[in-house]
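J.: Predicted coordinates and the sequence they were generated for:
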Amino acid sequence: MLKKQTAVITLFTVSIAVVLTLIYEFEWLAIHPDVMMVVRWVVAAVLTLNAVVRRDLTTWILTCLVLGVFVGLDFPDLARSLQPLSQGFIKLVKTIVGPILFATLVYGIAGHSDLKSVGRMAWKSMLYFFLATSCAIFIGLIVINLTQAGVGVDVANMPHEELPTSTGITEADMKAMEHIDPSVHGVFKFNAFIRDTFPENIVKSVYENKVLQIVVFGVIFGIALALVEEKKRKPLVDFTESLSEAMFKYTNLVMLFAPIGVGAAMAYTVGHLGVDILKNLFMLLGSLYLALTLFLLCVLLPVMIFLKIPIKQFIKAIKEPVSIAFATTSSDAALPKAMSAMEKFGVPRKIVSFVIPTGYSFNLDGTSLYLSLASIFVAQAAGIDLSIGQQLLIAFTLMITSKGVAAVPRASLIVLIATADQFGLPTFVIAAILGIDELMDMARTSVNVIGNCLATVVVAKWEGEFDEEAPFWEEVKS
């Protein structure tokens, strides 16, 4: 009864606050800024009370996310000083990634000794990844051509920031490319990406959080272990099973810090960006959010309907990892929780441990969509008219280059800069849009996580191994 009463009070308070905010922003009535500040902190108090009553981690994460926005708006200096807390949370989460990937992959492969299922899982995953990211890229192209967000933009008055200098290509690679015809530079870069998926030292790969290198090592090690006789294989299989179970419990403990980390990340973002920057780049930001919404509704939703995946339950299962990804702009921060959530949802561990980590390099739907949309925005803002053929060429290039995007904040900018250079687009426009990159990164990272969570269910359904009697379903029934 108390939960229902608190929910009603919360809904009423938030509704009043939203109405007052609209009146204030559109200047329909004169409201003093101090009044709006009081309104915000009344809402904060009510949301906190709601979180205390519900005692639910997801509620606390979402509440702290909103509180972070309020702190960023009203106390920007304090908000900027909270950044170390968000960085500390991400560092803590990254301690999970290497061990949990290695343990779950090796146990998933060697524990069942079914190497044919690993091969089936691999080609099915890659096929789905290719189709999903291709749809995302073309939706990005369609939306930016319809909105024409870059046309008429005054780039000179936008805030400029320094561009990332790293392109993922080493100095030795650059020297090697000097002796190669420019027409095959793209082939060289793609092969360099393939080369960099192979680990030279697994400890170094774990230390540097190279997800794809850990996956490659884990898959090969798991296959090798599966070929060992039962007597000698069992101790290592038992060890990886115990390690994976321990890391999932470790994840649960680390996630208790998530509300603080998420709130601090959101406070820092709002505090150092402010809201004035949105006025200059609202069309680009709006186009991205529109395109991502269309992708969710026109691609991922039909997939769920076709496979008869219960949408409400799926949303309930992924809301924690998605909210973490949204606030931290890091897919890595959401990875452990996404894996445990999908396993609880009914996807076998061997599928979760293969599909999600692999998807972090090959199935970044939100990032792929952003790259296609931003590339054409850069051309529009610079006054460069690209033909349909040129845009399609950019799209096909991004289908390859976007697969190398690391699951860390702002890594997509490196691919965007490389694409702009390759097609003769000016990078100064990219420097201008950097100001709102974090706001765009929130959305595209969230879609990345949603896409990879759904991919595990798609592969599990395709393999006929989706468990509708999983613990999550028992919670829903009760």
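T.: Yes, it's here.

J.: What is the burial count for S86?
T.: 25 (other C-beta atoms under 10 Å). Where you see a C-beta, it was placed from the backbone N, CA and C, and this is true even at glycine.

J.: I324 is in contact with that one, correct?
T.: No - counting by C-beta atoms under 8 Å, I324 is not a contact partner of S86; they are 10.8 Å apart.

J.: residues shared between the contacts of the two?
T.: V262 (C-beta atoms under 8 Å, 6 or more residues apart in numbering).

J.: Can you give me every residue that contacts Y289?
T.: A443.

J.: mind showing which ranges of the stretch 351-478 of the chain have poor pLDDT?
T.: For the stretch 351-478 of the chain, applying pLDDT under 70 flags the ranges 400-414, 418, 432, 434-435, 470-478.

J.: just the strands in it please.
T.: Counting by DSSP state E, counting those that start in this stretch, no segments of the stretch 351-478 of the chain form strands.

J.: In it, what residue spans correspond to helices?
T.: Here the stretch 351-478 of the chain has its helices, by DSSP state H, counting those that start in this stretch, at 365-381, 388-401, 411-422, 428-433, 437-463, 471-477.

J.: most neighbours per residue, which of those helices?
T.: helix 365-381 (a mean of 28; mean count of other C-beta atoms under 10 Å).

J.: packing partners for that helix?
T.: helix 115-147, helix 277-295, helix 388-401, helix 411-422, helix 428-433, helix 437-463 (3 or more C-beta pairs under 8 Å, 6 or more residues apart in numbering; DSSP states H and E).

J.: Just put the ones you listed in TSV and tack on distance to F70.
T.: Shown next, in TSV, are the helices and strands packed on helix 365-381 (distance: least, C-beta to C-beta, whole Å):
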stretch	distance to F70
helix 115-147	31
helix 277-295	17
helix 388-401	37
helix 411-422	29
helix 428-433	26
helix 437-463	17
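
J.: among those helices, which is nearest P259?
T.: Nearest of the helices and strands packed on helix 365-381 to P259, taken as C-beta to C-beta: helix 437-463 at 16.8 Å.

J.: ok now that closest one, how far from the chain's centre?
T.: Its chain's C-alpha centre and that of helix 437-463 lie 7 Å apart, by C-alpha atoms, centre = their mean, to the nearest Å.

J.: could you give the angle of it to helix 115-147?
T.: Interaxial angle, helix 437-463 versus helix 115-147 (axes from the mean of the first three to the mean of the last three C-alpha atoms, to 10 degrees): 140 degrees.

J.: and the angle for helix 437-463 with helix 277-295?
T.: Using the same axes, to 10 degrees: helix 437-463 against helix 277-295 is 10 degrees.

J.: Return the angle between stretch directions for helix 437-463 and helix 365-381.
T.: Going by the same axes, to 10 degrees, helix 437-463 makes 140 degrees with helix 365-381.

J.: What about V254, how many residues nearby?
T.: Neighbour tally, V254, other C-beta under 10 Å: 18.

J.: And for F198?
T.: 12.

J.: Show me what the mean pLDDT comes to for stretch 334-342.
T.: Here stretch 334-342 scores 89 as its mean pLDDT.

J.: Okay then, goodbye and thanks.
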